[in-house]
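Chemist: Predicted model, plus sequence, below.
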Amino acid sequence: MLKKILVICGPTATGKTNLAYRLARKFRGEIVSADSRQVYKGMDIGTGKDLHHNSEFKIVNSKEGICYLIANIPLWGYDLTEPDNDFSVSQYFNLARKFIVNIWHRGRLPIIVGGSGLYIRILINGLENISIPPDDELRKELNTKNSKQLFEILGILDSGKANSMNESDRKNPRRLIRAIEIVYWNSKIKNKNLKVNNRLKYDSLMMIGLTSSRSYINRRIAERVEERIRNGFEEELLGFIQRDIDWKYQSMQSLGYRQYEKYFKGLISWRDFVDKWTVEEQKYAKRQMTWFKKDHRINWFEISQKNWEYKVEKVVRSWYYE
C-alpha cells in the first residue's frame, strides 16, 4: 500500500480542522495536529481545542500515546507536554513521525492539519540540524544578552544566516540563541554526515490550503476570540496561575494568554485586552499566509465561495484513488 500524506494548512480561523474531519470520514483518515500551541495539556479553550464542548469526545491511551476520538475519528498531537515544560520542534517531529508511521501501519491515511508552518515543513521536507542537542553552557552565556547583541554575534559567526532572518526572528532571543547554537555545533563536528534530514519517507503528498480575503478572515478571528472568552478562557488561564504557571513559561506566550498578562496586572482594561488579542491573532494569520504562499505545492481553496468543500473533496478523491 502506498504511503500517502494529506496536509490541510492555511491561516487561523479558516476551518481546517472541520475539513479534516470531513475528509477523514470519507478517506479512512486519522488526524495529526500541527499546531505549536495545542501541544500543551490543559490549554484547550485559548488554543482552540475546545474538546470538552464536543459530546462525542473521549480519550484513548494507546501505546503510541494519547489519542482523542471525536465522532470516532482519531486525533493525534494534542497534549504532548505539560504547560510548565519547554517544547522543541525536534520533540514535535519525533512524536508526530511516530504517529504517522503507525497510521500507515493500520492502513489508514494521515491527515496533517494546522497552521504552524514550521511543524508542517519539518514533517514534509525534513529539517537539517533538528537533532543538534542544546548546549547548556553556551545558552547560559547567551541568555545574558539582548536580541540586538545576539543578532550581532550571529552576524559575526554566520552572516548568511543572519541576513536570511526576518524582522520577527531578529528580535526573538530564543530563535537567535538556537541559530548561534547550530553554528557552534557545525563548527565543531568534522563529519558533516552528522547533519541529518529526517524527512518522512512517503510515496505521495497532497497539500490543501484554505484562504480568503483579509477582511473575511479578520472578521472570523474576532468572532472566534469572543467565543473563546464566552467558553471560559479566563477561568482556564487563572487555573494555570493558581498552579504557579505564569508568563515566564513558553506555553504562556501563546496568543491570548500572553495578552492577558497586562490585564491581570491592572495595566490595561478588559476591552483593551480583547482588542489586543484579536489584533495579534489577525497579524498572526497574515504571517501564516506569507509563509504558506511560498510553497507552490499547495492547492488553494477560497472558503467564502459556495460549495468549496465539495471542490476540495473532488481533488482529494482523485489523488487518493490514483
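Modeler: Received the coordinates, thanks.
Chemist: So Asn299 lies in a strand, does it not?
Modeler: Yes: counting by DSSP: H, G, I helix; E, B strand; the rest coil, Asn299 falls inside a strand.
Chemist: CA atoms only: put the host helix or strand of Ile217 into CSV for me.
Modeler: Assigned by DSSP states H and E, Ile217 belongs to helix 214-230. Taking Å, rounded to 0.1, in the frame of the first residue of the first chain, the C-alpha atoms of helix 214-230 are listed here in CSV:
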residue,chain,number,x,y,z
ARG,A,214,-8.1,39.6,4.9
SER,A,215,-11.4,41.2,5.9
TYR,A,216,-13.2,37.9,5.9
ILE,A,217,-10.6,36.1,8.0
ASN,A,218,-10.2,39.1,10.3
ARG,A,219,-14.0,39.0,11.0
ARG,A,220,-13.9,35.3,11.7
ILE,A,221,-11.0,35.8,14.1
ALA,A,222,-12.8,38.5,16.0
GLU,A,223,-15.8,36.2,16.4
ARG,A,224,-13.7,33.3,17.5
VAL,A,225,-11.9,35.3,20.2
GLU,A,226,-15.2,36.4,21.6
GLU,A,227,-16.4,32.8,21.5
ARG,A,228,-13.4,31.5,23.4
ILE,A,229,-13.9,34.1,26.1
ARG,A,230,-17.6,33.0,26.4
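Chemist: Just the mean pLDDT for stretch 176-191, thanks.
Modeler: For stretch 176-191, the mean pLDDT works out to 74.
Chemist: Give me the buried stretch members for the top strand by length along the chain, please.
Modeler: Ordering each strand of the chain by length in residues (DSSP state E) puts strand 204-211 first. Within strand 204-211, the residues that qualify as buried are Met206, Met207, Ile208, Gly209, Leu210, Thr211, counting by 16 or more other CB atoms under 10 Å. Bear in mind the C-beta positions are built from the backbone N, C-alpha and C, glycine included.
Chemist: Can you find the helix or strand of this protein with the lowest average pLDDT?
Modeler: The helix or strand of the chain with the poorest confidence is strand 57-62; it has a mean of 68 (mean pLDDT, DSSP states H and E).
Chemist: In contact with Gly114: list those residues for me.
Modeler: Shown in contact with Gly114 (CB atoms under 8 Å, 6 or more residues apart in numbering): Cys9, Lys16, Ser33, Ala34, Asp35, Gln38, Gly77, Ile120.
Chemist: How much space separates Lys171 from Trp277?
Modeler: For Lys171, the distance to Trp277 equals 20 Å [CB to CB, to the nearest Å].
Chemist: now do Pro11
Modeler: 16 Å.
Chemist: So what does the spatially most central residue of the chain have for phi and psi?
Modeler: In the chain, the C-alpha nearest the mean C-alpha coordinate belongs to Asp35, at 2.5 Å (CA atoms, centre = their mean). For Asp35, the backbone dihedrals (degrees, to the nearest 10) come out as phi -130, psi 120.
Chemist: Could you list the low-pLDDT ranges of the stretch 151-300 of the chain?
Modeler: 187-198 (pLDDT under 70).
Chemist: make it 50
Modeler: Scanning the stretch 151-300 of the chain with the threshold set as pLDDT under 50 gives 190-196.
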